[in-house]
Each structure stands twice: as structure tokens, then as C-alpha cells.
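Sequence below, structure please.
(2 chains)
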2 protein chains.
Amino acid sequence: MPDLADLDPAGADPAGLGLIRREVASALERFLGRQRAVLSAMGDEMLPWLGAMDSLLAGGKRLRPAFCYWGWRAAGGQPCPEIFTAATALELLQASALIHDDVMDASDTRRGRPAVHKQFASRHRAAGYSGSAEQFGAGAAILLGDVLLSWTDELYHASGFPADVLRRGQPVLDAMRTEVAAGQYLDLVNQFSGSTSVAAAMRVITYKTAKYTIERPLHLGAALAGSPPDLAPSARSDTADGRAQPNLVAAACSEYGIPLGIAFQLRDDVLGVFGDPARTGKPVSGDIREGKRTVLVALACERASADEAELLDRHLGDRDLTDSAAAEVKSVIRDCGALAECEAMIAASVKEAVSALDGAPMPEDARAALTTLAFMAADRDE
Amino acid sequence: MPDLADLDPAGADPAGLGLIRREVASALERFLGRQRAVLSAMGDEMLPWLGAMDSLLAGGKRLRPAFCYWGWRAAGGQPCPEIFTAATALELLQASALIHDDVMDASDTRRGRPAVHKQFASRHRAAGYSGSAEQFGAGAAILLGDVLLSWTDELYHASGFPADVLRRGQPVLDAMRTEVAAGQYLDLVNQFSGSTSVAAAMRVITYKTAKYTIERPLHLGAALAGSPPDLAPSARSDTADGRAQPNLVAAACSEYGIPLGIAFQLRDDVLGVFGDPARTGKPVSGDIREGKRTVLVALACERASADEAELLDRHLGDRDLTDSAAAEVKSVIRDCGALAECEAMIAASVKEAVSALDGAPMPEDARAALTTLAFMAADRDE
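Okay, the predicted model is just below:
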């Protein structure tokens, strides 16, 4: 049972992150321990899967479980082992998304270590296998991501909640998985079509980050506690009649979660260009090299002079980007005012998110925790 | 409500495949219709997903839903809309696996059409996007496979069964997803390590096909009807104490499903080398080109003379295989006796499967249907 003394809203950790991180780590350890027995019964060749998962799952800020937990508390749920385990399922989903994302982007590193497909390509070379090490690595990473996606459900349904409680959360889990995959596809389309539209980039981050990272985890917790969100457009249900009024807690989670999620992603955009790789665990100027069509980049394209636009166009997506070219791109993004505009958008979004908590029908400790999380999500260097 | 008159055990369709296929098609149509509304609300760019899914899901023999349905009937379940919908979820899982498999194998075609990653690469070229069409196609296919994997749960949980009934089936759905991904990884290891071991190839097909295609779909239906299988090694549960005796229906499903699943895959191995592409929808000599380490190939490697072994080694995995080289490989596989041995294994496995139904505690129509399905799964040319 979690130690409730750790949850002191007036204390040094009003968002309870210390407790949440310990509970998530312990739920992961129990779950992966069971899976280790299952996989090793199939053959010792399966054990490298667990090594790759352990190191990936050991990292991470546990933000999604934290939002899920506080969605539960906001809707009146009390601390219990079940909610920590259900929230931990979101870490498996995130690990799956990261592994597949790295295959799609052909990224070399993740959280300061070789990406999973790179780890398995190295394993291919070390074993002296025939054929393409890259193909082996990508295949293994696709399968690892698939199994982690399946395990998201497995852990959710093994969280210990009664079946009818789990059923309340299921549509939220369903919606968030569809939204994140669709958002990633829209991102791919923007990236390959060379989109310079701020609106297109904002739509991507709404689905890929704002809903996935903040709104839906809050909704999952709230739904489990009995306050399900309205999942309109009512396409998700055969019966549009008699739909209940939007739940007030769930609605507040959206009003807080969407702007905060946008701020969170805009911070990521800034760190992807200007961040310190030693802190972020991502490659230097990675977003420039990969030609990511972020809001920051779209703002820069909108504001750039003809010469500056030409320079951006030439270097975005340049896998062989030199240090001096990277410095030039950064100067353009800073000098044209895009960086300052992005920072202003972050500040305004955080303010909007925190204001949405005013008067929302939730316990005071939940409001305090969500306020703390808002500033943490937007003002970070990793 | 299904038309029960279609289920006539003494009639021309004792396995009820006509009814099952209609019900699966109709459940898919309803589900994809709802998802169309969800995806199109995100943007018209999402609509190609549905086109790709529609054409992939329109094909297929619906074997997994058929086994799920007859597992349900074997355990005493009566025909009802819920079981057909839950069984249809397995088609989404299979579509996900096919899409990811084609990315991993870099296959060009599937079910007689371009593979999904190829379709999206063509879309990239037609739209005049920048960057690598192959990278775009693979990225889109990974995301489509991910969303279909998520939709497996979504449809299962939206099947209309009460939450406690769904909970009985959940551990089976969990096990089968882990097993199929692990089986595919073991297959990858065999293929890239150039394994010639019959035992290693048999282990792959046990997890990748026998359990996934036959045993677990039967178990899922049986579990929903109240006869869950024993999922030992008891690693899947924290409490090994008090585990119930294996359920007799579920045990019969294993005794029938594993050998039949092996026969099904061995038939696939034979068709992958000797099949008519116009019937199978797969490329000519595809398994030879991809260097698949099937049981048929392992048997040939075991029996081949030094010269024949050298020829196999040279051409297995040769992407530029000529017609005459393919003919030589086929001659070796035939002449060394591997083909005949494989056919003998198929016949013996089907016999073992059908014998397991004798005396199993299941209704007569379920026994008749499973007997029919056994011969269909093993003696087919597509």
C-alpha cells in the first residue's frame, strides 16, 4: 500500500512525484518479472527483449502516470495500489511509441542510449548473423514495440480494479491510442510534404502530444473514478441519443490538459533545437537533422526573410548537418523572433491551463498538484 | 441476429463458414464505419488509412474467427452476435501482424495487392513529397499496424459481452499476442542466423502459428463460454496456489489445435515454395527469396548432399533469384525427400488433431465442425 505520508500537498513535493515514481517502478518490476518467466520459457533468445525494455522503461519522467493519478484524485478517487498499476500501463504504451518512433525516424539514440533498433542491429553484428543488420534491428524493434503495445492492455486489465471499473476507462484508452497513431501519421505527412503551416503543426501536437500526454491520461484516471469524458464526436458510439452532459471534472481536465499539452510540446520543440543533449538524452540539433515540422520551425518559416527561408529549407532534414550550419539555423530561428514567439505561446498556454483549474470541482490537493505539474511540464530542460 | 438455419452440421457447410464470414464482414463494416468518422474528424489526410485497411481486411479465410467461434460452441456457448464480434477482433490483430510482417520482410505484395508500406510509398511519390518514399511508406505501415493492434482490444471490449465474461477471455488474448510476437522474433533469429535446425523451426511455428492461429482462438472462445485454459507456466499469475485442474474442453482444444496448427504452417511452407501465386496471392518462390528458415527448408538441409546443400545455401535469401535457380531449389527440396516427408508430417498431424476430438466433452456439431476445419486448414492451395 502506498505511503500516504508522501502525499503532502503543502510539502516539497505537492504533485506526489516521489511516491508516483516509486509505485510505477515497483509495478513495472512486478509486471516485467512475470513476463520474464513467460519469455524465458520460450527460449533464452527472448531474454534480450527484457534487457532492452528494462533500460528504456527505467528512464522517463512518469508524467503520464502522474496525470492519470491526479485525474483519479481530481474525480474523487483515493490513493490505492490499483490506480498506480493502471497508470503504469501508460508507460508501456509510451515505450512502445518511442521504439516505433525511433525506427520510423531512423534515430540513433534514445534517453542517452542507442535506440532499440540500433541495439538489435549491434546484436546481429556481434553474433555474426547473415543479411542486413539494419533489417534485423528494425524487425526486432517493431516486434518489441508491438508486444509493449499489447502489454499496455494486459497490465491495465491486471491492475486489480473490478471489471466494471476497467470498462469505464476502456474508451479513453481506446481513444488515446487511435489519436496518438493518427497524430504521428499527420506529423509524417507534414514532415514529408515540407509543410510550413503553423495550423497544421498545431493540429499534429494536439493529437500527438496534448491529448496523448496530458488530457487522456487525466481522463483515464477520472473515468476510472466515475467521471468519464464526453468522447464526442459521437462516432465512437452507436447510440448518440441520451448522451450524458459532459462531466465537469472531465471537462476541466480538457480545459487544463489541451493548452498544457501544447505548452509541453512547444517546450520539446525548443529543446529539440536549443537543448543540451546531455540533459535531453537526444542527439544535438536532432530535430533540424530530421526535418521535423514543429510549430517552432513553422513560426520561423512564417517570419523568415527570403534568404533566411532558403537557408532553413536547405538545412531542415539534412542528415549530414555540420555544426556551423546548425548554428546558422539556430540564429535564424532566434533572430526572426520565432523563438521568442514560441516562448510567449508556452507562457500563455500554461496560464490558460492553470486558470482552467480555478473553480473546477476538484479537491484542493488535486488542484495544487496539477498546478505544480503544469509548471514542471512547461519549464524543463530535459 | 445470425440466421441459425445456416448452421446445419449435416449440411454442405458443417463448419458454418458461410455464416461466420458474413458475420465477420458485417462486424468489420460496423466497426470501420465508426472509425471512419473518428479519423475523418481529425482530417481528410487520415482517409487513406481506411482504404488500405478495407482492402486488406476484405481478404482472408477468417480461420481465426472460425476457431474462436467453435471454441465457444465446444464449451457450450450458443450462437449470438457477441461471439461473432469478439471473434472478429482477431481479424484486426491478424491484419496488424501482416502489415508489420511485410515491413520487416520488405515484401512487395500481400493478398495479391501491393503491401501496405508499398501503397504508402506510392502515395508519397504521387504527391511529390520530399525525402525517401520507402521511409514514408514504412512509417505509415508501422502506424497502421499499431492502430489495428489497439483496435483488437477496442473491438473485443465493444463486443457486447458483459465485463466479467470479457475478463475471462482477456488472459488468452494477452497470451496470444505475446506468443505471436515472440514467435516472429524467434523466426527472425533463425532466418538471420541461417539456422538449419528442424527443432528450432518447429518451435517457431508452435508459437507463431499453431498457438496463434488455432489453439488460442479456440481457447478464447472456450474461455468466454466459461472454460478457460490453464495458462501455465504459472508465470502469468502471482498466485500459483489453488490453480484449478485444466479444463477438459480447453485441454482438448490444445490437443487438437497444436498439431493442426503445425499442419497448417507446414502446408504454408509447401505453398510458399511450390504454390501457385495466382491462388496464394504471394510472390513466386517468395519463401526462397526471403530465405525463410521453414521446417520444409530445414528438412531439406538435413537430407541434402554436400552439393545440394551448397546450392540451397547459395540461393536461400537471394533477392535476385532467377527462374532457373528457383527451379533448381525446388528440385532439390523434392528430390532429397523433404517434400514427401513434410507431406507425411502434415497427414500425421491432421490425424493426431482429429483423434483428439474423439471423446472430448463437446457437442457433436462442434466436433463435426472442427473435423471439417482440420481438413480445410491442411489441404488447401491458397
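
Now do the helix or strand bottoming out on mean pLDDT in chain A: everything it contacts.
Least confident element among the helices and strands of chain A, by mean pLDDT, DSSP states H and E: helix A:277-280 (a mean of 81). Outside helix A:277-280, the residues that touch it by CB atoms under 8 Å, 6 or more residues apart in numbering or on different chains are A:Leu271, A:Gly272, A:Pro283, A:Val284, A:Asp381, A:Glu382. In this view, the C-beta of every residue, glycine as well, is placed from N, C-alpha and C.

so which residue of the stretch 251-382 of chain A comes closest to chain B?
A:Gly317 (6.5 Å; CB to the nearest CB).

how many other residues sit next to that residue?
Applying other CB atoms under 10 Å in any protein chain shown, we find 18 residues neighbouring A:Gly317.

cool, and A:Gly71?
Count around A:Gly71 with other CB under 10 Å applied: 34.

wait, isn't A:Ala52 in contact with A:Leu144?
Yes. Using CB atoms under 8 Å, A:Ala52 is in contact with A:Leu144, at 6.3 Å.

picking that back up, write the PyMOL selection for whichever of the contacts of helix A:277-280 are buried.
The following PyMOL line selects those of the contacts of helix A:277-280 that are buried, judged by 16 or more other CB atoms under 10 Å in any protein chain shown:
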select buried, chain A and resi 271+272
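
Show me which pair in the contacts of helix A:277-280 is furthest apart.
A:Pro283 and A:Asp381 (16.1 Å; CB to CB).

Could you tell me which residues touch both of A:Ala52 and A:Leu144?
Taking CB under 8 Å, 6+ apart as the criterion, A:Ala52 and A:Leu144 both touch A:Val116.

residues contacting the residue nearest the centre of chain A?
Residue closest to the mean C-alpha point of chain A, counted by CA atoms, centre = their mean, is A:Thr213 at 4.6 Å. For A:Thr213, the contact set (CB under 8 Å, 6+ apart) comprises A:Leu63, A:Arg64, A:Phe67, A:Gly261, A:Phe264, A:Gln265.

got the contact list for the fourth one?
The neighbours of A:Gly261, taking CB under 8 Å, 6+ apart as the test, are A:Ile205, A:Thr206, A:Thr209, A:Ala210, A:Lys211, A:Tyr212, A:Thr213, A:Ile214, A:Glu215.

mind checking the SS state of it?
helix (DSSP: H, G, I helix; E, B strand; the rest coil).

For it, which non-adjacent residue is closest in space?
Residue nearest to A:Gly261 in three dimensions, not counting chain neighbours: A:Ala210, with 2.6 Å by CB to CB, 6 or more residues apart in numbering or on different chains.

which stretches of chain A have low pLDDT?
Along chain A, the model assigns pLDDT under 70 to residues A:1-11, A:232-246.

Repeat the analysis, applying 50 as the threshold.
Residue ranges of chain A with pLDDT under 50: A:1-9, A:234-243.

Next, count neighbours for A:Asp365.
Neighbours of A:Asp365 using other CB under 10 Å come to 18.

Give me the residues contacting the helix or strand containing it.
For A:Asp365, the element it lies in under DSSP states H and E is helix A:364-378. If you take CB under 8 Å, 6+ apart as the criterion, helix A:364-378 is touched by A:7, A:9, A:14-16, A:63, A:66-67, A:70, A:73-74, A:214, A:256, A:260, A:263-264, A:267, A:346-347, A:349-350, A:353-354, A:357, A:360.

Quick check: buried residues in it?
Residues A:Asp365, A:Ala366, A:Arg367, A:Ala368, A:Ala369, A:Leu370, A:Thr371, A:Thr372, A:Leu373, A:Ala374, A:Ala377, A:Ala378 are the ones in helix A:364-378 that count as buried (16+ other CB under 10 Å).

my guess is A:Ala158 meets A:Thr85, correct?
Yes. Counting by CB under 8 Å, A:Ala158 does reach A:Thr85; the two are 7.3 Å apart.

With adjacent residues omitted, what lies nearest to A:Ala175?
In space, and not counting its chain neighbours, A:Ala175 is closest to A:Leu231: 5.7 Å by CB to CB, 6+ apart.

now do the same end-to-end measure for stretch A:346-364.
25 Å (CA to CA, to the nearest Å).

How is the residue of the stretch 251-382 of chain A closest to chain B assigned, secondary-structure-wise?
The three-state label given to A:Gly317 by three-state DSSP is coil.

Which of the three states applies to the closest residue to it other than its chain neighbours?
In this structure, A:Gly317 finds its nearest non-sequential neighbour in A:Gly291, 2.6 Å apart by CB to CB, 6+ apart. On the three-state scheme (three-state DSSP), A:Gly291 is labelled coil.

mind listing what A:Gly291 touches?
A:Gly291 makes contacts with A:Gln191, A:Gly194, A:Leu316, A:Gly317, A:Asp318, B:Gly131, as judged by CB under 8 Å, 6+ apart.

which one among the contacts of A:Gly261 gets closest to chain B?
A:Thr206 (9.2 Å).

What's the first helix or strand after the longest helix along chain A?
Using DSSP state H to define each element, chain A has its longest helix at helix A:163-193. Counting by DSSP H and E, the element after helix A:163-193 in chain order, helix or strand, is helix A:198-205.

ok so, going back, separation between the residue nearest to the centre of chain A and A:Leu373?
11 Å (CB to CB, to the nearest Å).

just checking, A:Leu316 touches A:Ile288?
Yes. A:Leu316 lies in contact with A:Ile288 (CB under 8 Å); the separation is 6.2 Å.

what comes up buried for stretch A:32-42?
Result for stretch A:32-42 [16+ other CB under 10 Å]: buried residues A:Leu32, A:Arg34, A:Gln35, A:Arg36, A:Val38, A:Leu39, A:Met42.

What about those residues, which are in helices?
Assignment to helices by DSSP H places the following of the buried residues of stretch A:32-42 there: A:Leu32, A:Arg34, A:Gln35, A:Arg36, A:Val38, A:Leu39, A:Met42.
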